[in-house]
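Asks: Sequence and predicted structure, then a few things I'm wondering about:
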Amino acid sequence: MNEMNNQSGEFHGLNLSAPILKALKKQNYEKPSPIQIETIPAVLSGKDVLAAAQTGTGKTAAYILPILDRLSKGKKVQSNLVRALILAPTRELAAQIFDSVQNYGRFLPIEATVVYGGVKINPQMIRLTKGLDILVATPGRLLDLYRRNSINFRQLEILIIDEADRMLNLGFLPEIHELLTRIPARRQTLMFTATFSEDVRELAREIVTDPVEISVNPQEITVNSVKQWIYPVDKMRKTELLIKLIKENKWTKILVFTKTKNRADHLEQKLHKKGILTAAIHGDKGQGARTRALAEFKADKISLLVATDLAARGLDIEQLPLVVNFDLPHLKEDYIHRIGRTGRANATGEAVSFVSAEEFPKLRDIERLTKQVLERRIVEGFELENPLPESQLDVRPFKIKKPKKRKQ
Ligand code: AMP
């Protein structure tokens, strides 16, 4: 429907104001991404939105552009009040969102800031005194500031929850519930999530009202732009295979996914011993270590980053040539999030998966989800002791569970 209103597929057709279009031009964005085409008109019309979208789809601009438009047309905010609140699960994501607010809002008189934990609270308290059009925050620090009377939500018009699934995984539900008792019931709410667990659906029922439901087709991202294949391999020989492939193919700048924090740490140590510059990021690593690892990876000081699914979600690492699934993910949808890290910005990326016999059920689900049988390559000397069964493509689609209507 919205796509029909914007057949030309251009930002000009989306009713955004001139200062925003000018900022997009400066960003060199040529046309809106599918999630932007659907989300922007819904938000501009004042509706609630519930969107299934992962990083890499352009989801951040999808909500920031229309809220900038709406806020720039409203009245000025008073001190210590805020008009739009964007909640993000981690400090990295909050900082990235704030960067986007500044980029897209550079030609608008919008007051915005970001607050998160792990840094001094006083400068943040001072920044809040003048009142804000947009506040980007992590939940814990936000409530801390609220309890210190640095912020009041009386004038809140729009609430945005980004990466809601991760927010719940990190245990922020109590903070969200407390916040909900402090903000006006009459508001516009936008919720973004990469996955829909029962918990996420429950939260959606609580916070959005009669939402426009949007989801971008994940298959489009994977199948079209990422070359994928698997290496069948015995479980105990995965590290050995990785080292061989890195050396033979001179792989650099690879993101490697493991299924647990422990396996990430072990792999990091083993690669380190082989002289491969590696860092691991996962939930048990301190904020400092994670930020440092990411910065070194981006600056090409280390060639390999090992990550768990949770730690990698929301990281803005662009244009990776290669993603390695050292283990297949627990959730089949995470396969798409992982490989979505490569092949962005029209560059073709590659995603390879190491699959042992015991992971066959996961492989079958992934092939069913992405509607393809993945090519298999056996490396000489790595013939399997425990063979991987042949794949038969299951063409039945998975049922998409939609959130039920909110309880009255
Ligand atoms: P996100 O999914 O919000 O994390 O965005 C992923 C990346 O896509 C970010 O680096 C954005 O700067 C970029 N991006 C967002 N929208 C567009 C667009 N319409 N055209 C080109 N790049 C975009």
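Replies: Perfect, I can see it now.

Asks: now check stretch 155-166, is it near the ligand?
Replies: No - for a cut-off given as Cβ under 6 Å from any ligand atom, stretch 155-166 has no contacts with the ligand; the smallest distance is 9.0 Å. For every residue, glycine as well, the C-beta is placed using N, CA and C.

Asks: got the CA coordinates for that stretch in CSV?
Replies: Coordinates of each C-alpha in stretch 155-166 appear next as CSV, following Å, rounded to 0.1, in the frame of the first residue of the first chain:
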residue,chain,number,x,y,z
GLN,A,155,5.6,16.2,27.6
LEU,A,156,6.6,12.9,26.0
GLU,A,157,5.0,12.5,22.6
ILE,A,158,6.9,9.6,21.1
LEU,A,159,8.4,6.5,22.6
ILE,A,160,10.7,4.3,20.5
ILE,A,161,12.1,0.9,21.6
ASP,A,162,14.9,-0.3,19.4
GLU,A,163,16.1,-3.9,19.5
ALA,A,164,13.3,-4.9,21.9
ASP,A,165,14.3,-8.5,21.8
ARG,A,166,17.8,-7.8,22.9
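
Asks: Give me the residue ranges of this structure where confidence is low.
Replies: 1-8, 217-225, 313-319, 343-347, 399-408 (pLDDT under 70).

Asks: Would you mind naming what in it lies close to the ligand?
Replies: Near the ligand, when you scan the chain using Cβ under 6 Å from any ligand atom, you find 29, 32-33, 36, 55-61, 316, 318.

Asks: make it 5 Å
Replies: Counting by Cβ under 5 Å from any ligand atom, the chain comes close to the ligand at 29, 33, 55, 56, 57, 58, 59, 60, 61.

Asks: neighbours around the third one, how many?
Replies: Residue crowding around residue 55 was assessed by other Cβ atoms under 10 Å; the count is 22.

Asks: hmm, back to that, can you list the residues of the chain next to the ligand in TSV and add distance to residue 240 and secondary structure?
Replies: Converted to TSV, the residues of the chain next to the ligand look like this (distance: Cβ to Cβ, whole Å; DSSP: H, G, I helix; E, B strand; the rest coil):
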residue	distance to residue 240	secondary structure
29	44	coil
33	40	coil
55	32	coil
56	31	coil
57	36	coil
58	39	coil
59	38	helix
60	40	helix
61	43	helix
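
Asks: from those residues, which two are the most distant?
Replies: Within the residues of the chain next to the ligand, two members stand farthest from each other by Cβ to Cβ: 29 and 55, at 16.5 Å.

Asks: measure residue 68 to the ligand for me?
Replies: From residue 68 across to the ligand, the span is 14 Å (Cβ to the nearest ligand atom, to the nearest Å).

Asks: Repeat that for residue 165.
Replies: Relative to the ligand, residue 165 is positioned 15 Å away (Cβ to the nearest ligand atom).

Asks: Before I go, just wanted to say thanks for your time.
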